[in-house]
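**Q** build the 3D model from these lines:
(one chain, ligands or ions: 1)
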Amino acid sequence: MIILKQCFVSILIIFLCVSVARSTPDESSRENQGNQFAFSLKTIVIDPGHGGSDPGNVTRRKTLEKNVNLSICLKFAKLLRSQTEYEVFLTRTTDRWISLADRANLANQFPANQTFFISIHCNSHPNPNIHGLESYIFNLRPTDQLAARLAKRENAEENINPINFIVKNLHQRGRERYSWEATRIVQSVISSQLKSRNRNRSARDKHVRRAPFRVLADTNMPATLVELGYLTHQEEHRKLTSSAYQDRVANSLLASIRQFDQVTHQLAKKANSPIESVKRLE
Ligand SMILES: [Zn+2]
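**A** Here you go, the predicted model:
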């Protein structure tokens, strides 16, 4: 009886996972989802990956990913506060450990339809020639093996409970259009301004990559996770650990936010136009 019950639960999980993974929005459904979720950007939650007892990637030169992430995020927050009117919140401002669930909980204190969550990381790979920028939205089905391995590493021990995620996700479908737009913009602005190799071009959807990141699964608002480059690549290591380059990254992130805000206004206008309203009633 217990075995039968376990079998049933397993089959249910697999069925729900496949259903949600298959329901990844295409261009037209993304449009509809965006229109049902009235989004207006007021708050940016910046999440410097890792911290405290979790160093993230550690290079042979003993560079700790957590320090690079924090340094860039502090610069980015400073720029946002001095040059924009957005409310800015960081999940950590010092070298301290905070669980992925708590990062999402902190972000979820802000209204989902006014907040954008951005998690900042740096990548690593056993092959020192691998380099470039990658930006991700959440999906249970990763873009490729690289994305699957990355999510496993970034999730550490905090795995996703598929049933919890699926039930929650059904109520949050509208945010996906905005997550997709933000990720597309961040990827294109940084790769063009900083001449970073655009690794999203090799993805199925050439603008955004997908992976089951725990921190993105738990946030209620539009959210993205950016891997700014590979600390295991000599040139990218040199850049990412230089204060001048970190300033340039922070400036590109600021430009991305401005562009994302403009796009959200366009989407809101479309949603409010009489033609779109009729379309939604049909
Ligand atoms: Zn990381």
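**Q** contacts, neighbours, all on C-alpha from now
**A** Fine.
**Q** got the contact list for residue 51?
**A** By CA atoms under 8 Å, 6 or more residues apart in numbering, the contact set of residue 51 is 66-67, 94-98.
**Q** could you rerun that using 6 Å?
**A** Neighbouring residues of residue 51 by CA atoms under 6 Å, 6 or more residues apart in numbering: 66, 95-97.
**Q** also residue 89?
**A** Contacts for residue 89 (CA under 6 Å, 6+ apart) come out as residue 45.
**Q** then residue 200?
**A** 134, 206-208.
**Q** tell me which two in these are the farthest apart.
**A** Farthest-apart pair in the contacts of residue 200 is 134 and 206; separation 10.8 Å (CA to CA).
**Q** these two - which one has more neighbours?
**A** In this view residue 134 and residue 206 are compared by other CA atoms under 10 Å, and residue 134 has more residues nearby, 30 against 12.
**Q** among the contacts of residue 51, which are located in strands?
**A** Judged by DSSP state E, those include no members of strands.
**Q** which strand or helix spans residue 69?
**A** helix 65-83 (DSSP states H and E).
**Q** contacts for that helix next, please.
**A** With contacts defined as CA under 6 Å, 6+ apart, helix 65-83 is touched by 48, 50-51, 55-57, 120-121, 246, 250.
**Q** export the contacts of residue 200 as TSV, with columns for secondary structure, distance to residue 87 and pLDDT.
**A** Shown next, in TSV, are those (DSSP: H, G, I helix; E, B strand; the rest coil; distance: CA to CA, whole Å; pLDDT from 0 to 100):
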residue	secondary structure	distance to residue 87	pLDDT
134	strand	26	94
206	coil	31	74
207	coil	28	83
208	coil	26	89
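**Q** turn the residues you listed into JSON lines, including distance to residue 238.
**A** Formatted as JSON lines, these follow (distance: CA to CA, whole Å):
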{"residue": "134", "distance to residue 238": "18"}
{"residue": "206", "distance to residue 238": "27"}
{"residue": "207", "distance to residue 238": "26"}
{"residue": "208", "distance to residue 238": "26"}
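**Q** any weak-confidence spans in the protein?
**A** Low-confidence segments of the chain (pLDDT under 70): 1-36, 157, 164-165, 167-173, 271-282.
**Q** recalculate using a threshold of 80.
**A** For the chain, applying pLDDT under 80 flags the ranges 1-37, 156-174, 200-206, 268-282.
**Q** which strand residues bridge the spatially most central residue of the chain?
**A** Centroid check for the chain by CA atoms, centre = their mean gives residue 224 as the closest residue, at 1.7 Å. Here residue 224 shows beta-bridge partners residue 118, assigned using DSSP bridges.
**Q** can you tell me how far it is from residue 194?
**A** Taking CA to CA, to the nearest Å as the measure, residue 224 falls 19 Å from residue 194.
**Q** and residue 81, by the same measure?
**A** Per CA to CA, residue 81 is found 22 Å from residue 194.
**Q** quick one: residue 193 and residue 245, what's the gap?
**A** Residue 193 sits at a distance of 11 Å from residue 245 (criterion: CA to CA).
**Q** ok so, going back, among the contacts of helix 65-83, which ones are in helices?
**A** Mapping the contacts of helix 65-83 onto helices (DSSP state H) picks out 246, 250.
**Q** so the spatially closest residue to residue 222 that is not a sequence neighbour is in which element?
**A** Spatial nearest neighbour of residue 222, chain neighbours left out: residue 179 (4.5 Å); criterion: CA to CA, 6 or more residues apart in numbering. Using DSSP H and E, residue 179 maps to helix 175-193.
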